[in-house]
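>>> only the shape, not the letters, is given here:
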């Protein structure tokens, strides 16, 4: 079918508009991070930087600089927290998902799992604060890992279940027939088959944990445990007069999830779509 | 002592009864084929024997031991699946050796057994390959190798040939039969293909709607079907089931089959079963296999009875030619010689051989 | 099918997950519920906590500031999710057309979703900056405004500006769900409608929209559940200001807890917010059930 010229013009105009709407805020953030403070404070703005200034990145990646030390510590904490929580959540979620897929666990229970994370965090945060406080575990990466694990677990279980559902059951039957226990079957047969699903689930979980702000804000108080979102909030709330630094922190914090999202786009999009629509 | 004994086995999902009071025994060395249309419960029955599905009630003994509540692992059985169910992340040798590995058999012994089985199945040069690199027939062999290597008491086959193309299916069928003869193993084989059932089995269970219709040797099932379902299901083309009237004269049954626009066919059976007397002057169903209707008298036929019939459709099939006629209100197939030269719409003398005729009650469909 | 004679095994497999969720969500929920009937305060640990029955709830429900916060949260939820659906479906329809660079565009729109919420809030705060922000600059340079404005400083405008930022980050999810659903429409169906003479708008109304409605409703409710909890974007962009014009329910409860340290009354607010969420969650449950049953039929 041949398109009429007018249709084409409209179509490409819409595409262009979408591209600008999607990219402009990001491009602006990057531009800010490499513009000189003078360019950033000109009225009206100098859109194209008069010179490229990478000093904020150098500063943020320098452990001996005050901002750099804060940023790098937060990066480490975020990696540990999101990574640790993702790992534990997967280890707990996979057997649970298997129970729903192959051992007839009631589906309503899975929905109750999901409902727990759909509740606003303000419903849980105060008692958790009090409990962890009474154990002296506030401002501790381990605490965040535990809380995030509960946060990731329902979704990870759900996503793994949806993926295990479509594995051929005969292969598991064959393993049982050959004399394998459930755990052996999971480890030797199901997990290798489900590896792509585990990777997708792990990535989405990691991104959720990487993004979490509320619990981290309340449970952490200094560089030893503060994650990137909290540290960024500090940068933004502090008396930083150079907006370029804030922009640079933002760019650096966006890089890991953005790279993951672009590199594993198919994976992530299918996981997202499945995760939000089916139930 | 039977190697497998199933007693009053029932399986229900909610209100849906899949298996209804199944009981049978088989002896060591038997080749039992479970056959029936899809949904008849044959695969469920196999899975119950294998321990992959919990039974609702009843009892399963293997080699004199009650295994009803045991895990598959503890039943000393092996299973070959329709999809082969090879572990895709392991190579052929690892697939075959998986059961031995799980049972913690030392590596050296394991290798020796894998090689032995691989030799038997002629797949020695495939041992290092991944399942994805194998053809359908090769996968089938690996699946059988995985079953054979543990030398179990019972082999279960769940429609193992249905994913193969027609030619390979025949080859593998022969191979399975040879394996059975050489190993003298006990095998239970599920199929919906009645030719596989006839060729492989030493004993056949015909199932329908979760009930065993008939158990017996292939010959018994073929020649003396207990009801019209078994009669129609086993054999291809299937047995002709024709409505007929019975009268008796001189101790011989006279069978009358109506025809459209023509006088009815009259046939005489001198060896009618005694029970047939009760059906005098009534309508019943007679069963005649296509090979009992031919263009020439059968060898050794005592009283040839020929009737001139109109052939509606003639279908040459190489070795045989099948002709379809209208008798007793249904289509009836006759099996003519392959080299006969007749056209659809022609008339021909058809010879009826009543030595293997079956009589069924029209209402209960049971054999008389 | 349970199978393998191991149907009790499910509880062993589920035990770790259930334990984690009991300890980290169910137990705190019960405690929040319990505290909501007391006059507990976070600091006054030595003071005995009194059981005051429904007093907190009676107060909360008559508190005009809290009611306003709930109203603002609903406004935020409905407006931002509504815009996300309109933009998301529009983008999905666009990305379902054939054009050069389609694959690239489909990949690009994941970027806003991948930007961490905090960075998103920050970026838009900088864009809205009253003195050096990009929005002021671009609107001035194109002649749409005469003077720089304080977008987040104006109580009438602040919430809508926050909503715009939220929509930018979250429209991709709806776009992807709608696109995935669009791709399952049999081409013959639309062709048949075209042959019957249905105009594009008619085709969209008669075929496309009903087809994607199921998944769309489910993701819409899911987004509403998320939007109703909104906290972090508010915290970064406005801290609830100016003059409380962006103070949402979660933020209100947060302040009740950690600024005013009233854990008892804060808990009662939290439980009320949770109750409203529960209604949405129930709607999500019903929606997914219908969705799955429809898919099976």
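Structure's in. What do you need? Everything numeric in this text was worked out from a predicted model, so none of it was measured.

>>> what about residue A:127, which helix or strand?
Per DSSP states H and E: residue A:127 is located in helix A:125-134.

>>> so what's residue A:123 closest to, chain neighbours aside?
Of all residues not flanking residue A:123 in the chain, residue C:274 sits nearest, at 4.5 Å (C-beta to C-beta, 6 or more residues apart in numbering or on different chains). From N, CA and C alone the C-beta is placed, and that goes for glycine too.

>>> could you say what helices and strands the helix holding residue A:127 packs with?
Here helix A:125-134 is seen to pack against helix A:214-219, helix C:27-35, helix C:263-296 when contacts are counted using 3 or more C-beta pairs under 8 Å, 6 or more residues apart in numbering or on different chains; DSSP states H and E.

>>> nearest to residue B:110, out of those?
Evaluated with C-beta to C-beta, these place helix C:263-296 nearest to residue B:110, the distance being 44.7 Å.

>>> now do the buried residues in that closest one.
C:263-274, C:276-278, C:280-281, C:283-285, C:287-288, C:291-292 (16 or more other C-beta atoms under 10 Å in any protein chain shown).

>>> can you give me the neighbour number for the closest residue to residue A:245 other than its chain neighbours?
What sits nearest to residue A:245 in space, not counting adjacent residues and going by C-beta to C-beta, 6+ apart, is residue A:56, at 5.0 Å. Other residues within reach of residue A:56 by the criterion other C-beta atoms under 10 Å in any protein chain shown amount to 25.

>>> residue A:56 contacts residue A:33, doesn't it?
Yes - with contact defined as C-beta atoms under 8 Å, residue A:56 counts as touching residue A:33 (5.9 Å).

>>> and residue B:138, what does it touch?
Residues near residue B:138 by C-beta atoms under 8 Å, 6 or more residues apart in numbering or on different chains: B:123, B:126.

>>> output the below-cut-off pLDDT ranges for the chain.
By default, I'm working from chain A. A:1-3, A:239-240, A:277-279 (pLDDT under 70).

>>> right idea, wrong chain: chain C
Applying pLDDT under 70 to chain C flags the ranges C:1-7, C:44-46, C:294-297.

>>> nearest the geometric middle of it, what residue?
The centre of chain C sits closest to residue C:227, judged by C-alpha atoms, centre = their mean, with a distance of 1.9 Å.

>>> which residue, other than its chain neighbours, is closest to it?
Nearest non-adjacent residue to residue C:227, counting by C-beta to C-beta, 6+ apart: residue C:77, 4.2 Å away.

>>> that's a strand at the one you found, yeah?
No - Residue C:77 is assigned helix when assessed by DSSP: H, G, I helix; E, B strand; the rest coil, not a strand.

>>> can you give me how far the helix or strand encompassing residue A:207 is from the chain middle?
Secondary structure from DSSP H and E places residue A:207 in helix A:195-211. Taking the mean of its C-alpha atoms, helix A:195-211 sits 7 Å from the chain's own mean (C-alpha atoms, centre = their mean, to the nearest Å).

>>> what of stretch C:228-235?
9 Å.

>>> any buried residues in that stretch, and which?
Residues of stretch C:228-235 classed as buried by neighbour count (16+ other C-beta under 10 Å): C:228-235.

>>> kindly check the end-to-end length of that stretch for me.
Between the opening and closing residues of stretch C:228-235 there is a gap of 15 Å (C-alpha to C-alpha, to the nearest Å).

>>> could you check whether it is close to chain A?
Yes - Stretch C:228-235 lies within reach of chain A by C-beta under 8 Å from any C-beta of the partner chain, at C:228-229, C:231-232, C:235.

>>> and the pLDDT at the residue nearest to residue B:123 when sequence neighbours are not counted?
In space, and not counting its chain neighbours, residue B:123 is closest to residue B:141: 5.0 Å by C-beta to C-beta, 6+ apart. At residue B:141, the model reports a pLDDT of 91.

>>> residue B:141 - that's part of a helix, no?
Yes - assignment of residue B:141 by three-state DSSP places it within a helix.
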